[in-house]
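Peer 1: sequence? don't have it. structure:
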């Protein structure tokens, strides 16, 4: 039996924290795998192979971010239906989401495979690494169905308050992934394709584990009538999910443009940037986990129409986010060279990482607060403003990269990243406070 949690009753902070811990462990395990994968690729092959994999990171984020955004439409409606104890709507949200998201994902997979090389050429990807980059990303794209199933199943479990199963699934996936990386790359000398194949096999195992756990929840058992097309529900999921997908993709476009400017600086900068972003993404995972916990809490309580309780949960999560941001900042600001040295061999590349990591570390508070307020908005089903904030992030990245790179060089890339975090946080934060006050006031007048 999965460990579902109804978050509409009891003191908010203990419930949020109990849910947060497995989410945190899952996020750290995923990022730890990502770093180990980077180490195996960088040390097991060479820095150029690492640059090839890193050159596809922003494109992967663009594609998978959109697909996972669509999947958010499923998990948000599932959380709201669970909070309202409407199990018929819950099951229909799952089936209609699988139908709509699966169709869109298939189209994206085919299109992505066709346009990948021209896109990498357009991004000024070095000829030294472009063949490996294309090989790696095409294999990953071919496995979109496996990745989608895992994310849908895990998202449903998280929406029901069961973050423990997802944690175990990630642990299984990470161990399998690392072992396969060592086998394919170190043992079989396969190169970057070994890393891609290992990732897909591990995703398949994680998805199967989540599916087996879902089968043990009685009210999630899908019936034949649940597959009957419900256009209104599909439309609702699209209305919620599309803005999240666009937000992720627009944010990814910003990173693709930043990658373009990094690639123009030279292959050493591409390798350094890849290592920096892996480290920054790892350090921001605790902050992201707090935001994800708040998303489910907000979704369930919105479904139960307990709007004031959402505000109570937000206050509880604020200090948690502060502590997590401080911890990440200490590591990034205090040990930048040592952390970069875990993934890079060339001393010149490591030096390029130091100031970049220190600036990002000093601004971790902004990304921590951004995760908190944006995920709360999305959990309540208000996804338009978070999408708009994605465009704000894009504008911040473009302005900093275009106007500051000629003056500051590589450090302009770090400024572009942190400027995007801060501007998006301010927009989402103001909107959330305004929306919550209106909901609470309207509820009191009933």
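Peer 2: That came in fine, so what should we check first? Since this is a predicted model, take the numbers as computed values, not measurements. Numbering: from 1, shown residues only.

Peer 1: could you say which helix or strand contains the nearest residue to residue 65 once chain neighbours are set aside?
Peer 2: With Cβ to Cβ, 6 or more residues apart in numbering as the measure, residue 248 is the residue that lies nearest to residue 65, at 2.9 Å, once sequence neighbours are left out. Every residue, glycine included, has its C-beta placed from N, CA and C. Mapping residue 248 onto the secondary structure by DSSP states H and E places it in helix 231-265.

Peer 1: I'd like to know which elements that helix is packed against.
Peer 2: With contacts defined as 3 or more Cβ pairs under 8 Å, 6 or more residues apart in numbering; DSSP states H and E, helix 231-265 has these neighbours: helix 57-83, helix 87-122, helix 267-283, helix 384-408, helix 411-445.

Peer 1: would you list those in TSV and tack on mean pLDDT, mean neighbour count and distance to residue 340?
Peer 2: TSV is the format used below for the helices and strands packed on helix 231-265 (pLDDT from 0 to 100; neighbours: other Cβ atoms under 10 Å; distance: least, Cβ to Cβ, whole Å):
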stretch	mean pLDDT	mean neighbour count	distance to residue 340
helix 57-83	80	25	16
helix 87-122	84	18	25
helix 267-283	83	25	5
helix 384-408	85	19	19
helix 411-445	87	18	13
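
Peer 1: Indicate which one of those is closest to residue 208.
Peer 2: Minimum separation from residue 208 across the helices and strands packed on helix 231-265 (Cβ to Cβ) falls at helix 87-122, 15.8 Å.

Peer 1: Which helix or strand lies directly C-terminal to that closest one?
Peer 2: Downstream of helix 87-122, the next assigned helix or strand under DSSP H and E is helix 130-142.

Peer 1: Now do the helix or strand following that next one: which elements does it pack against?
Peer 2: Toward the C-terminal end, the helix or strand that comes next after helix 130-142 (DSSP H and E) is helix 144-159. Counting contacts by 3+ Cβ pairs under 8 Å, 6+ apart, the secondary-structure elements packed against helix 144-159 are helix 57-83, helix 87-122, helix 163-181, helix 192-214, helix 285-303.

Peer 1: okay, those helices in JSON lines with distance to residue 341 next?
Peer 2: As requested, those are arranged in JSON lines below (distance: least, Cβ to Cβ, whole Å):
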{"stretch": "helix 57-83", "distance to residue 341": "20"}
{"stretch": "helix 87-122", "distance to residue 341": "28"}
{"stretch": "helix 163-181", "distance to residue 341": "20"}
{"stretch": "helix 192-214", "distance to residue 341": "21"}
{"stretch": "helix 285-303", "distance to residue 341": "21"}
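
Peer 1: Out of those helices, the one nearest residue 425 is which?
Peer 2: It is, among the helices and strands packed on helix 144-159 and with distance given as Cβ to Cβ, helix 285-303, at 11.1 Å.

Peer 1: same for that closest one, what does it pack against?
Peer 2: By 3+ Cβ pairs under 8 Å, 6+ apart, helix 285-303 packs against helix 12-44, helix 57-83, helix 144-159, helix 307-334, helix 364-379.

Peer 1: Quick one: distance of it to the chain centre.
Peer 2: Relative to the chain's own centre, helix 285-303 is displaced by 13 Å; criterion: Cα atoms, centre = their mean, to the nearest Å.

Peer 1: Kindly calculate the angle that it makes with helix 57-83.
Peer 2: Between the axis of helix 285-303 and that of helix 57-83 there is an angle of 30 degrees, by axes from the mean of the first three to the mean of the last three Cα atoms, to 10 degrees.

Peer 1: So for residue 364, which of the helices and strands packed on helix 231-265 sits nearest?
Peer 2: Using Cβ to Cβ and comparing the helices and strands packed on helix 231-265, the one that lies nearest residue 364 is helix 267-283, at 6.9 Å.
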